[in-house]
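Student: need a structure here:
(chains A and B)
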Amino acid sequence: MSTDRIEKKVQLNAPRERVWRAVSDSAQFGTWFGVAFDAPFVEGARLTGKIVPTTVDAEVAAMQKPHEGKPFEFVVERIEPMQRIVFRWHPFAIEPGVDYSHEPMTLIVFELEDVSGGTLLTITESGFDRIPLARRADAFAANDGGWQMQTTLIAKYLASTSSA
Amino acid sequence: MSRSAARLADAAPVFAALGDATRLQIVVRLSREGPQSIVRLTRETEVSRQAITKHLRALEDAGLVRSDRDGRERIWQLQPRRLAETRRCLELISDQWDTAIGRLRALVEDNAR
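Tutor: Numbering: from 1, shown residues only, chains lettered A, B, ... in the order given. Here you go, the predicted structure:
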């Protein structure tokens, strides 16, 4: 398993046009992603959003809560209508008082394909290897009882690596 | 530099250290087979002892492995905390994506009806 990228493939029971609006319209994107943006998505634009905590997942919400209203820097790298939209941002930029602007950003690609009954959406976020993520996880783990979970994760990780 | 900025800067080499197939292989072997010497690590590989030593030093610099002297040999072992932190962070980001995708699905599928 790569430490550099995360890929998600999801089949959505909705027409491609509908999915395209949800990922390319900054207002719609904000509602599901949990960020309020100050401007529309235009190729080359650098936007600042504000984090809006989700109500769906308690753990994520707890993590986001202290960051409510925190600015979220966001670059619209490329727009290929109905096909692909590409962004850059600072992942997991949650540690209070840390300026992430000098760190490299990850690259986030949304790709749409027609499939029977709907749309296949592939999301990839890559470039993690250049970013010091470990300490951010540390910042998130307010209690240190996370050690057991960490050892479980390393076991999972190594199992997936050695079977490759 | 603030304390947290120092901690962030401190973690950067972990990613560089893991971004190499040979080093990743060393990490996997130390995990599966336990602490061992360079001689043993070099066995069954095409990589020279000198190269393995260099890779171990890189992993050590990143805080992923450490060595202890045992007589004339040096025994290398994993220091799993750093790797676990990195994994944990990626898992959290992955989970965030999953919940965000759940909200995206609700949005577009409700609308499509």
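Student: Please enumerate the helices of chain A.
Tutor: In chain A, the segments counted as helices under DSSP state H are A:16-24, A:26-33, A:58-64, A:134-140, A:147-162.
Student: rank those helices by pLDDT, which is bottom?
Tutor: Set side by side, the helices of chain A show their lowest mean pLDDT on helix A:147-162, which sits at a mean of 48.
Student: what's the distance between B:Gln25 and A:Tyr100?
Tutor: For B:Gln25, the distance to A:Tyr100 (C-beta to C-beta, to the nearest Å) stands at 32 Å. All C-beta spots, glycine's among them, are computed from the backbone N, C-alpha and C.
Student: Please disregard the earlier target; I meant A:Ala39.
Tutor: Counting by C-beta to C-beta - A:Ala39 and A:Tyr100 are separated by 20 Å.
Student: list the buried ones in the lengthiest helix in chain B?
Tutor: With residue count as the measure and DSSP H as the assignment, chain B has helix B:81-112 as its longest helix. Within helix B:81-112, the residues that count as buried by 16 or more other C-beta atoms under 10 Å in any protein chain shown are B:81-93, B:96-97, B:99-101, B:103-105, B:107-108.
Student: quick revisit: neighbour count for A:Ala39 and A:Tyr100, which is higher?
Tutor: The neighbour comparison of A:Ala39 against A:Tyr100 (other C-beta atoms under 10 Å in any protein chain shown) goes to A:Tyr100, with 19 against 13.
Student: wait, doesn't that one sit right on A:Thr106?
Tutor: No. With contact taken as C-beta atoms under 8 Å, A:Tyr100 and A:Thr106 are classed as non-touching, separated by 11.3 Å.
Student: Return every residue with contacts to both of those two.
Tutor: Common neighbours of A:Tyr100 and A:Thr106, counting by C-beta atoms under 8 Å, 6 or more residues apart in numbering or on different chains, are A:His90.
Student: Could you list the low-confidence segments of the chain?
Tutor: Reading this off chain A. Low-confidence regions of chain A, defined by pLDDT under 70, span residues A:1-2, A:53-67, A:69, A:92-98, A:132-164.
Student: my question was about chain B
Tutor: Within chain B, the stretches falling below the threshold (pLDDT under 70) are B:1-13, B:80-84, B:111-113.
Student: count of neighbours near residue 48?
Tutor: No chain was given, so I picked chain A. A:Thr48: 13 surrounding residues under other C-beta under 10 Å.
Student: could you do chain B instead?
Tutor: One way to gauge burial is a neighbour count; for B:Ser48, by other C-beta under 10 Å, it gives 10.
Student: pretty sure it contacts B:Lys54?
Tutor: No. With contacts counted by C-beta under 8 Å, B:Ser48 stays clear of B:Lys54, the gap being 9.3 Å.
Student: Alright, I will stop here.
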